[in-house]
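# Turn this into a model:
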Amino acid sequence: MGTLFGTDGVRGLANRELSPELAFKLGRAGAYVLREETGTRALVIGRDTRLSGDMLEGALIAGICSVGVDVLRAGVLPTPAIAYLSRTLDAGGVVISASHNAYEDNGIKFFGTNGYKLPDALEARIERLVLDETAMLPTPAGADIGRVREIPDAGERYVRFACGTGPPDLGGLRIIVDCAHGAAYEVAPQVLGRLGATVIPIFNTPDGTNINAGCGSTHPEVLQRAVVAEGADLGLAFDGDADRLIAVDERGQLVDGDHLMVICGKYMWQRGCLAKDTLVITVMSNLGLHLALRKAGIRILQTKVGDRYVLAEMLRAGCCLGGEQSGHIIFLEYNTTGDGIITALQLLKVMRETEEPLSRLAAQMERLPQLLRNVRVQDRAAVMASPVLAEAIARYEHGLNGEGRILVRPSGTEPLVRVMAEARNEAILEEVVEELVRVVRQIDRELTVVS
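Coordinates of the predicted model:
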């Protein structure tokens, strides 16, 4: 990825790394590039509940309007809602959110008029324009300056759309919804309530600083206890911008993205609507998912970590379902990006039609013990290129006899090598990971001495 854009837009500490000045430049460059590439004269803009959202939205709007592009202001809405509005309004899109990060961070990501996040080439073009002090962008005057229009029913449009993707009646279901004090705090309870469920929302009072704080898909502990205490049928936890979902079954047990993909993938396959009989996942998915889908006869395509890579492979291979263990799941039949609310509705559809509790559906996949260690190194690329490391990985994988899996990969953002392994035997698992960590550290020391 580039200097500014990572795997999910531009992200950083608000008012420092992601300053209003940078937001203004991103607005100018992004609007200009989208108009040049797609002919659009408007961008839909939405955000999550972070304190810095107002500041960055103002700067972005100024930048967009300064190149003669209009702004359609949607307010606080999930990222997938902006993707939906972009494609239905034939406009570009821009979201201000740092997803599951703490409130001090924020981010900016763009969507095309087709509702997809921008490809690498367009992000690189925007980045060049932002960083090039000599770049000349248009500065229209008079009636050619962009103007701002509100979309007063933006939330209602998305709610109606989402309701049409799920089961028609959720009557009798008792659902606890952890809104993460984030972008779904209004629309998620509205969708489920409109379909007839009894909804108990928690963490749904954002104050600008409490987004993701001890709640949401990355901190579901309170939700787990609440589901059991309330005797609920299930719990649903979104992240800050609601493009992810983690569920909790009626016993208070976590149902992560791997479980959700197995549940929905097998259901779709059995009904002949899993395109290519294939699911797209990342290298971080648990071996238990592989075993469960292999047993069912479902093919798997695997990508590196990041929903943009999952989506690219889905489009290339003509698949309709893919996602990540983190709960970022893409149902291409309904939306062009991961959508936590759509994922929840597809899960509820399976529960309704099979009349099975979530615990029994989740039991279709046995989650194998997994251990991850991060090793700080001087040169992650050089460590990863070492034949000594490759030989050690091959040796230990052979020793697992098909009952485990090893994944060693460099961090995309930090000077770390991540050592992960899965195995049925936890004692062997710890031994394998510790030995590979030792090998990585030894290689790093030797490379440091040589340099």
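# So what does the closest residue to Leu332 other than its chain neighbours look like in phi/psi?
Nearest residue to Leu332 in three dimensions, chain neighbours excluded: Cys320, at 4.7 Å (C-beta to C-beta, 6 or more residues apart in numbering). All C-beta spots, glycine's among them, are computed from the backbone N, C-alpha and C. Main-chain torsions, Cys320, degrees, to the nearest 10: phi -120, psi -10.
# since we're on Cys320, how many residues are nearby?
Applying other C-beta atoms under 10 Å, we find 19 residues neighbouring Cys320.
# So for it, what pLDDT did the model give?
At Cys320, the model reports a pLDDT of 98.
# ok, now which ones touch it?
Residues near Cys320 by C-beta atoms under 8 Å, 6 or more residues apart in numbering: Met268, Cys273, Leu274, Ala275, Met314, Phe331, Leu332, Glu333.
# can you pull the contacts of the third one?
With contact set as C-beta under 8 Å, 6+ apart, Leu274 has these partners: Gly265, Met268, Ile298, Cys320, Leu321.
# can you rerun that using 6 Å?
Contacts for Leu274 (C-beta atoms under 6 Å, 6 or more residues apart in numbering) come out as Met268.
# Work out for me the element the closest residue to Val228 other than its chain neighbours sits within.
The shortest distance from Val228 to any non-neighbouring residue, by C-beta to C-beta, 6+ apart, is to Gly252 (4.3 Å). Gly252 is part of no helix or strand when elements are defined by DSSP states H and E.
# how far away is Gly252 from Val432?
Separation of Gly252 from Val432 (C-beta to C-beta, to the nearest Å): 31 Å.
# Just want to know which of those two has more residues nearby.
Counting neighbours by other C-beta under 10 Å for Gly252 and for Val432 shows that Val432 has the greater number, 25 against 18.
# Ramachandran coordinates for the residue nearest the centre of the chain?
The centroid of the chain falls nearest to His328 when counting by C-alpha atoms, centre = their mean (4.1 Å). Per-residue torsions, His328: phi -90, psi 100 (degrees, to the nearest 10).
# got it, and the one 3 residues further on?
Backbone dihedrals for Phe331, given as degrees, to the nearest 10, come out at phi -110, psi 90.
# where's it relative to Gly340, distance?
To Gly340, Phe331 is 11 Å away according to C-beta to C-beta.
# Strands of the stretch 251-400 of the chain, start to end?
For the stretch 251-400 of the chain, the strands defined by DSSP state E, counting those that start in this stretch occupy 254-255, 278-282, 299-303, 321-323, 329-331, 370-376.
# Give me the residues contacting the shortest one.
Taking C-beta under 6 Å, 6+ apart as the criterion, the residues outside strand 254-255 that touch it are Ala247, Asp249, Ala362.
# neighbour-wise, which of the residues you listed leads?
Top of the contacts of strand 254-255 by neighbour count (other C-beta under 10 Å): Ala247, with 29 neighbours.
# Name the SS class of it, please.
Classification of Ala247 by DSSP: H, G, I helix; E, B strand; the rest coil places it in strand.
# Check which helices and strands the helix or strand of the chain with the lowest mean pLDDT is in contact with.
Lowest on mean pLDDT, DSSP states H and E among the helices and strands of the chain sits strand 5-6, with a mean of 90. Helices and strands touching strand 5-6, as assessed by 3 or more C-beta pairs under 6 Å, 6 or more residues apart in numbering; DSSP states H and E, are absent.
# from the chain's centre, how far out does the very next helix or strand once past that strand sit?
As assigned by DSSP H and E, the chain's next helix or strand after strand 5-6 is strand 9-13. What separates the centre of strand 9-13 from the centre of its chain is 15 Å, taken as C-alpha atoms, centre = their mean, to the nearest Å.
# May I see the buried residues of strand 9-13?
Buried positions in strand 9-13, judged by neighbour count with 16 or more other C-beta atoms under 10 Å: Gly9, Val10, Arg11, Gly12.
# can you list contacts of that strand?
Contacts of strand 9-13 (C-beta under 6 Å, 6+ apart): Leu4, Leu18, Ala98, Glu104, Asp105, Gly107, Ile108, Lys109.
# ok, back up a step: the contacts of Cys320 into CSV, with extra columns for pLDDT and distance to Gly402?
Listed next are the contacts of Cys320 as CSV, based on pLDDT from 0 to 100; distance: C-beta to C-beta, whole Å:
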residue, pLDDT, distance to Gly402
Met268, 98, 27
Cys273, 97, 31
Leu274, 98, 25
Ala275, 98, 29
Met314, 98, 28
Phe331, 98, 32
Leu332, 98, 32
Glu333, 97, 34
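# Filter these down to the buried ones and hand me the ChimeraX line.
The following ChimeraX line selects those of these that are buried, judged by 16+ other C-beta under 10 Å:
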select :268,274,275,314,331,332
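# Between the contacts of Cys320, which sits nearest Ser386?
Ser386 has its nearest neighbour among the contacts of Cys320 in Met314, at 33.2 Å by C-beta to C-beta.
# Surely the closest one touches Ile281?
No: contact between Met314 and Ile281 fails when scored by C-beta atoms under 6 Å: they sit 10.5 Å apart.
# now Val94: how far from Ala83?
Distance of Val94 to Ala83, given as C-beta to C-beta: 11 Å.
# Tell me the backbone dihedrals of the residue nearest to Leu170 when sequence neighbours are not counted, please.
Distances taken as C-beta to C-beta, 6+ apart put Ala197 closest to Leu170, at 3.8 Å, once the chain neighbours are dropped. Here is the backbone geometry of Ala197 (degrees, to the nearest 10): phi -70, psi 150.
# Ala197 - how many residues pack around it?
22.
# Same check on Arg160?
When counting by other C-beta under 10 Å, one arrives at 12 neighbours for Arg160.
# Check which helices and strands the host helix or strand of it sits against.
Using DSSP H and E, Arg160 falls within helix 154-163. Under the contact criterion of 3+ C-beta pairs under 6 Å, 6+ apart, helix 154-163 touches helix 79-89, helix 187-194.
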